[in-house]
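1. Any chance you could fold what I've pasted below:
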Amino acid sequence: MSSTVDSVRDPFNKSWKTLRFSNIKPSEVLLFFFKAGLAASTFFLVTLVCHLTLSYNQSHYHNNTHTSFKYILQQQHKTTLQQPPTNISHLFFGIGGSVATWDTRRRYSDMWWRRGVTRGFVWLDSHPNASWPETSPPYKVSGDTSAFRYTCSYGSRSAIRVARIVKESFELGAENVRWFVMGDDDTVFFTDNLVMVLSKYDHNEMYYVGGNSESVEQDVIHFYTMAFGGGGFAISYPLAKELVRILDGCIDRYAEFYGSDQKIQSCISEIGVQVTKEPGFHQV
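-> Below you'll find the model as predicted:
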């Protein structure tokens, strides 16, 4: 009766004792733990190898990328250092003039032009009748602009011709030009100051450098975003290259605009370049 009661109370007692002490041998326990340890060691070793491999590849890729980027920057810096500082020979002047006004206005240009040093031309509407003064910049005759539209009722078609001076100057193919400097036949340039100002900017980038008018009324009309031709303005070579590509079509699109500088500013805006203002450019 007692054993029956014990069996009812603990039906698994006998089998558990038999399982614990009769079926498992000590050698099998040791073998189990040995296999488990070997499996764990193998898993850890494989995980470690994979981690080290991935870490090396990522580090190698990062180092190569960093090295390549650093090399590019070094080459760009080296190229910049190899280029001499901007001087007067890197500037190419385009002066808007006319046969009718040159005799009375040429003295403005004669004040700053240095023969054999400064480069550029005065662009006229026709060939002059008299001999050309040696003290003046050499001249060229602008191309025919009769095919272009001009619808400003109070202006002059000469604005088209003057606006195209930058294009005609660029197409001459002068070597080693960094800046195209535009001005009127009564604009006076202080060339040493001009070189100093333009030297602040990277001529390999697109720059449109000039100043607003002394007239608040004129600035309000043009939203303070235009470099006035009377004070002169400078266009870097890369920007001139892009401007020349679109200029003729752009001049027709802005046929209603009065002046050449307004047309130039509008075309440059289409390229996405805004004026860089320098207070030394004065339009009086």
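
2. Please count neighbours and contacts with C-alpha atoms only from this point.
-> Will do.

3. Below-threshold pLDDT in the stretch 151-284 of the chain: ranges please.
-> In the predicted model of the stretch 151-284 of the chain, no residue satisfies pLDDT under 70.

4. Break down it into its strands, ranges please.
-> Listed in chain order, the strands of the stretch 151-284 of the chain (DSSP state E, counting those that start in this stretch) span 179-184, 208-210, 233-236, 276-277.

5. Please tabulate those in CSV, including the columns distance to residue 250 and mean neighbour count.
-> Formatted as CSV, these follow (distance: least, C-alpha to C-alpha, whole Å; neighbours: other C-alpha atoms under 10 Å):
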stretch, distance to residue 250, mean neighbour count
strand 179-184, 18, 24
strand 208-210, 17, 25
strand 233-236, 17, 25
strand 276-277, 21, 17
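
6. Could I get those in JSON lines, plus columns for distance to residue 197?
-> Putting those into JSON lines (distance: least, C-alpha to C-alpha, whole Å) gives the following:
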{"stretch": "strand 179-184", "distance to residue 197": "12"}
{"stretch": "strand 208-210", "distance to residue 197": "9"}
{"stretch": "strand 233-236", "distance to residue 197": "10"}
{"stretch": "strand 276-277", "distance to residue 197": "11"}
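
7. who does the nearest residue to residue 275 once chain neighbours are set aside bridge with?
-> Nearest residue to residue 275, sequence neighbours excluded (C-alpha to C-alpha, 6 or more residues apart in numbering): residue 208, at 5.1 Å. Residues in a beta bridge with residue 208, per DSSP bridges, are residue 235.

8. Surely residue 208 is in contact with residue 274?
-> Yes. Under the criterion of C-alpha atoms under 8 Å, residue 208 makes contact with residue 274 at 6.8 Å.

9. gap between the residue lying closest to residue 127 once chain neighbours are set aside and residue 157?
-> In this structure, residue 127 finds its nearest non-sequential neighbour in residue 141, 6.4 Å apart by C-alpha to C-alpha, 6+ apart. Residue 141 sits 16 Å away from residue 157, taking C-alpha to C-alpha, to the nearest Å as the criterion.

10. again, but for residue 212
-> 23 Å.

11. likewise residue 176?
-> Per C-alpha to C-alpha, residue 176 is found 32 Å from residue 157.

12. picking up where we left off before, you'd agree the residue nearest to residue 127 is up against residue 124?
-> Yes. Applying C-alpha under 8 Å, one finds residue 141 in contact with residue 124, separated by 4.8 Å.

13. Residue 212 and residue 157: who's more crowded?
-> Between residue 212 and residue 157, residue 212 has the larger neighbour count (other C-alpha atoms under 10 Å), namely 27 against 18.

14. check contacts around the residue nearest to that one when sequence neighbours are not counted.
-> Excluding its sequence neighbours, the residue lying closest to residue 212 (C-alpha to C-alpha, 6+ apart) is residue 227, at 5.4 Å. Residues counted as contacts of residue 227 (C-alpha atoms under 8 Å, 6 or more residues apart in numbering) are 209, 210, 211, 212, 213, 233, 261, 265, 275, 277.

15. mind running it again at 10 Å?
-> Counting by C-alpha atoms under 10 Å, 6 or more residues apart in numbering, residue 227 makes contact with 208-213, 219, 233-234, 261-262, 264-265, 274-278, 281-283.

16. Run through the helices of this structure in chain order.
-> 2-9, 13-18, 26-82, 99-112, 158-163, 165-170, 191-198, 216-221, 237-253, 260-271 (DSSP state H).

17. mean confidence score for the longest one?
-> Helix 26-82 shows a mean pLDDT of 64.
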